[in-house]
Structures are given as C-alpha cells and as structure tokens.
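> Need coordinates for the following:
(2 chains)
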Amino acid sequence: MANELGNYKTCVSARSTDKEILKCSQDGGIVTQLFAFALEEGIIDGAIVAGPGEEPWRPQPMVAMSKDELLAARGTKYNISPNVSFIKEATRSFGLDKVGIVGTPCQMQAIRKGMLYPFGWRDVPDKIALALGIFCMENFPYQSIVQLVEDHAGQKLENVSKMNIGKGKFWVYTDRGAVVDLPLKVTHKYEQPGCHVCLDYVANLADISTGSVGSPDGWSTVFVRNAKGETVWTKAVAAGCFETKPIEQVKPGLELVTKLANEKITKNQKTIAGRASFGAGKALRNPYI
Amino acid sequence: MGLLGLLSKLFHKSGSSAKSDTGAVKMVESKRKEEKSVADKITVGHVHMSGCTGCLVSLADNYGGLLTILDRYADLVYGLTLADVRHIPKMDVALVEGSCCINDKCSVDEIKETREKAAVVVAVGGCACYGNITRFCRGGQQNQPQHESFLPIGDLIKVDVYIPGCAPTPQMIRNVCVMAYLLLKGNAEQKALATSYLKPLMDLAAKGTEACFCNLMTEVINQGLCMGCGSCAAACPVRAITHEYGKPQGQRDLCIKCGACYAQCPRSFYSFDVVNNYEAILGAINGALQ
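Just a heads-up that it's a prediction; the model follows:
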C-alpha cells in the first residue's frame, strides 16, 4: 500500500506536560493539550469536542471555550459523537471566527469535503482554524457500548472509569478497580456498519492526527500533516506543552501503525468490492467516485 | 496573478507530479494569457425563474470576490436588475435560480430558450434543482392565483450541473464559477481538475429532480453507509435534522426539500482525487480572488 499513513511532515511520539490533563486523558492528552494551547494563544476561539452527554459514556458534541470545558471532554468514548453537526452552529450561535474541531478520519473527510463543497455551510470553510484527527479502526453505536460493557463485561456503565482498545482487546476499567477485557472477536459484530467502507485509519486529512498506536503506554503517536499543523505544533512544543521522542526510538513505532492501517484498508476495500455484487445482480451503492 | 497561473504554481509546488520542469513553461504561457485576460473571460447569465432571489443574494455575498470574478474571469451578459439586457443572449454558463411555473407561458419559454442559448446550464439552489419550497405551492397568490404548478427546471430541460441548498452558500457558488472558468478556458490539467470537481454535481443533475431528507435514509443509512459525522445536520437550513443513535433523524414536516443534507454527506459522493487536494484547490481559489 502506497500512502496508508497519508501525507505528513513530521511524526513523533508525545505526551502532554500538564499533569491535570494527563490525569484523565486517553493516552498522551494530545488533543486536549493542543486545544488548550490554541485557545490560550488565540489560534482558535473555541473547539468542537465530544463532551459529556445525558447518559454515562454517551458523548454529546459541544463547543468548548475554556480549559475547564476541554477537560470535561477528555478521553475516548468509543461511540458516535456527530461533532461535525456543530460546525456551522459554532460560527453562528457561538460566534466563533476560528473554530477547532476534533474528529475521526471520516469526520475529517467530511470537513474537507465541506470546505470544497459547502452546500449548506455558509461562511464556514474559512473559519476552520484547527482540525485534529484521531486514529480510528471503527466506531460503535451507543447501544453497542451498553451491550459490550453491561452484558459482555458485566459492569454498570456509570461505574466505568475508562475504556480502551489495545493489545488486541477491549478493556473496561471501573471506579472500584475492576478490569475486564474482551477479545476483539466479541466486539466486531457490534461495530457501526458505516465504518466498514472507510479507507482511512490515521485521519489523513487532519491538520494534526494522533492516536495511541505505535507509542508506549501513556504516550501518543502524532502526525503533523500540513503547514497549519506544523505552525501550531512547533509553537506548542516550544511553549513546553509536550514531551516528545522521535518515533524511530519508541516501540512498537510506525511499523505497527502501518500494519494496522493496511489491515483496515485491505479489509474495507474487500467490503466495498463485496457491495458491488451484494444482491442477485444488484449492487449496494458505492459512495466513492 | 491570475487563477490559471496560481493553480499551476500551487500544483507544481505541492509536488503532485514530476512535471516541475514544464512548470516554468506553463507559467510563461499563463502569464501571456493574463495580459489579454479580458478576451478570455467566459460569459455568464443569471436566469431568474420562480425563486426568492436568495441565490442571487448569496452570489452577491461574495462581495469583493464577486467583483474580482466579474473583473477577471466572467462577463455578466444577462441578469434581472444587474444587466440591462431584455432577452436571453448566447452565453457560456447560465446560472438558473428558481423552479419553473408551468402555468406561465413566459417562464416556460424562457427556460427553454435558456437551454438553447447556454452551453452549460447550472441549476443554482434547491428550487431550480428539486423544487424546494415551491413544491409546497397550492396557488392562490394575488395577482396570479392560478399559478400553482411549479417544476424543477430539470423536468423541462436537460440540466448540466446542480448546486443544491437553500440558499447555496456564496463559497459554493463561487467555487462552481471558478471551476466552470477552468473547464472552459484552462489547460488540459486544469480542465481535468475542473471536471473531477464538477462531476459529482453533474451526477446529481443526471440523477433526478426529487430531493428530501429521506435521501439520507434511503441512500445512506439504509445502504449501510452512514457513520454519524453530523455533516447533514450542519447543512440543513431549517434545522430539521438531529441525531438519534448517532444517525440523522429528520423532522420531515420541516424539510423543505432543498437537497443540501444529502449533497453535503461525505457518503453521498466522495472523490479522493479532489478532496485529498483540498489545500491546493482552496489556496488557488482564494488566491485568485484576492
């Protein structure tokens, strides 16, 4: 596969230097730290993040305009947060001229398509100031998370302190210290079907993308992809926001990222091919032209 | 620097091909073109059918950008209130706003004449593409209460390009104008870019004259393609779309059938060739309109 990691200028392993951010972050606290820095520096006026929703672990997109609000949205929820639905609202009701947004690879694709084809996103394209992408193999509907955590792992969702996918397993940690792991074989069938045609693992179209894969525990792999991303990243590192290590010097490193990216893309290309002959002489629709 | 030159420059700078040695030649060519840029302008007309003028206002909301377009790239040869021309002249691109009232002979004649006179017919906005709010007309408006039947122009003539939305954004109309210019006046590379940019909009035009929130159900969710990004909800001009279980849920009584949600969806159409080059394309468009 030629370009499975997308274009990027630099790639490092990093973590935030802010203890408060790291306390509840998923890995290296990259997204929270970058947005906090960008807010402080005036690079963005606010950021669309997956904030807390009405039910435990159900995210609700929100516009965070302070560090406290960013902190409330730390951590991965492993289910759908339609962050892009706020992209116009952020520039209207919230009055932002410089919008930050975090999202999955498909949401970064949505953002870039929307910048080129803004059918209904009036005055939005020029106001997207920082788009942060997160690595994503697949996502789950909220009810799937309920099923996995409450039925398979046998834990009450409201008692869960963290969820994680790593080392080939789905991990559930509770407030009282229980740790349950489920093999990914169990989780696969609960995945969101729309994820199975996705051909992007590491958010190729973000300004900066990040995820745990490739870096040691508590650290994140960071791809700085374009000039805008580079400006923000360089400033943030210079301001002491991050500890960094060259990606070549950490285990498991880019080799694993490349392997997983290829696995995702190959698997989903097969799904797309299968859709062409899904029925008896009838195809399912192919969104890619 | 003109748009053609800027595009060449950006594409060669981004290193997308190994043709950088020919880049200099192209720059010289495009520079020579700029000197007689007036002669190279395309001709554009705005044809007003039954619409609210919101699309025209949206075009005008490009402010300085519109003036630059008119100054360097396009001559406005027809347009109510904007150009002192009474009959539809020959033109390269017709931007048609509004649906056609088939109870009004003048409107029907005009849309047919538009097709005859224009090389490219663009349906600008939900009414021209899909009927939009005029689908809900029942007549009864003074002083022509018998005017009750409105059809998207695609039901009467062949339409080449759709720009759905109510109103389509200034930026979207601008992008299509720029791409139409490249298609008609650009070099081979630029024509290819414009073709791949416009192709999905041509496909929408070929697809039909009906649109609704329901398209998201029948062609995205039911087809197993929705991943809950939220693009549709942000595009909806009447805030009819929320998300349930991470998927769009439409209040169908609110839907005005403008087609913005489906067109905005990254799983309705998505071209890697175009979107992966978003920085170069947007950079060129913005740069050319400075």
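
> where along the stretch 151-290 of chain B do the strands fall?
Here the stretch 151-290 of chain B has its strands, by DSSP state E, counting those that start in this stretch, at B:161-163, B:241-244, B:247-250.

> What strands flank the first one, and is each parallel or antiparallel?
Paired strands of strand B:161-163, with direction, are strand B:118-124 (parallel) (DSSP bridges).

> In JSON lines, list the strands of the stretch 151-290 of chain B along with mean pLDDT.
Output for the strands of the stretch 151-290 of chain B, formatted as JSON lines (pLDDT from 0 to 100):
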{"stretch": "strand B:161-163", "mean pLDDT": "98"}
{"stretch": "strand B:241-244", "mean pLDDT": "94"}
{"stretch": "strand B:247-250", "mean pLDDT": "96"}
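
> Out of those, which one sits most buried?
strand B:161-163 (a mean of 28; mean count of other Cβ atoms under 10 Å in any protein chain shown). Backbone N, C-alpha and C define where each C-beta goes, glycine included.

> Run through who's touching that strand.
A:119, B:120-125, B:129, B:172-173, B:176, B:180, B:198, B:201-202, B:204-205, B:259, B:263 (Cβ atoms under 8 Å, 6 or more residues apart in numbering or on different chains).

> What does the pLDDT read for residue B:14?
For residue B:14, the model assigns a pLDDT of 44.

> buried set for stretch B:62-80?
By neighbour count on 16 or more other Cβ atoms under 10 Å in any protein chain shown, the buried set for stretch B:62-80 is B:62, B:65, B:66, B:68, B:69, B:72, B:73, B:74, B:76, B:77, B:78, B:79.

> and of those residues, the nearest to residue B:48?
residue B:79 (7.8 Å; Cβ to Cβ).

> if I read this right, the closest one contacts residue B:55, doesn't it?
No: using Cβ atoms under 8 Å, residue B:79 makes no contact with residue B:55, being 11.8 Å away.

> who in the stretch 1-150 of chain A is up against chain B?
Selection of the stretch 1-150 of chain A residues close to chain B by Cβ under 8 Å from any Cβ of the partner chain yields A:61, A:79-89, A:103-104, A:106-107, A:109-110, A:112-126, A:139, A:141-143.

> ok, the nearest residue to residue A:89 once chain neighbours are set aside - how many residues close by?
Counting by Cβ to Cβ, 6 or more residues apart in numbering or on different chains, residue A:89 lies nearest to residue B:234, which is 7.1 Å off, once chain neighbours are set aside. Around residue B:234 there are 28 other residues, counting by other Cβ atoms under 10 Å in any protein chain shown.

> Tell me if I am right that residue B:71 is in a strand.
No: with DSSP: H, G, I helix; E, B strand; the rest coil as the criterion, residue B:71 is located in helix rather than a strand.

> I'd like the distance from it to chain A, if you could.
21 Å (Cβ to the nearest Cβ, to the nearest Å).

> follow-up on the earlier one: out of the buried residues of stretch B:62-80, which sit inside helices?
Assigned to helices by DSSP state H, the following of the buried residues of stretch B:62-80 qualify: B:65, B:66, B:68.

> Take those residues and write them to CSV, including pLDDT and distance to chain A.
Below are those laid out as CSV (pLDDT from 0 to 100; distance: Cβ to the nearest Cβ, whole Å):
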residue, pLDDT, distance to chain A
B:65, 93, 11
B:66, 92, 15
B:68, 93, 16
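
> Find the helix or strand that the residue nearest to residue A:53 when sequence neighbours are not counted is a member of.
Nearest residue to residue A:53 in three dimensions, chain neighbours excluded: residue A:60, at 3.6 Å (Cβ to Cβ, 6+ apart). Assigned by DSSP states H and E, residue A:60 belongs to strand A:59-64.

> That strand: what's the following helix or strand?
helix A:67-72.

> what packs against that following helix?
Applying 3 or more Cβ pairs under 8 Å, 6 or more residues apart in numbering or on different chains; DSSP states H and E, one finds that helix A:67-72 makes contact with helix A:19-24, helix A:30-41, strand A:46-52, strand A:59-64.

> 6 Å instead?
Judged by 3 or more Cβ pairs under 6 Å, 6 or more residues apart in numbering or on different chains; DSSP states H and E, the packing partners of helix A:67-72 are helix A:30-41.

> What angle do strand A:59-64 and the helix it packs on make with each other?
Interaxial angle, helix A:30-41 versus strand A:59-64 (axes from the mean of the first three to the mean of the last three Cα atoms, to 10 degrees): 20 degrees.

> distance between helix A:30-41 and the chain's centre?
Centroid separation for helix A:30-41 versus its chain: 15 Å, with Cα atoms, centre = their mean, to the nearest Å.
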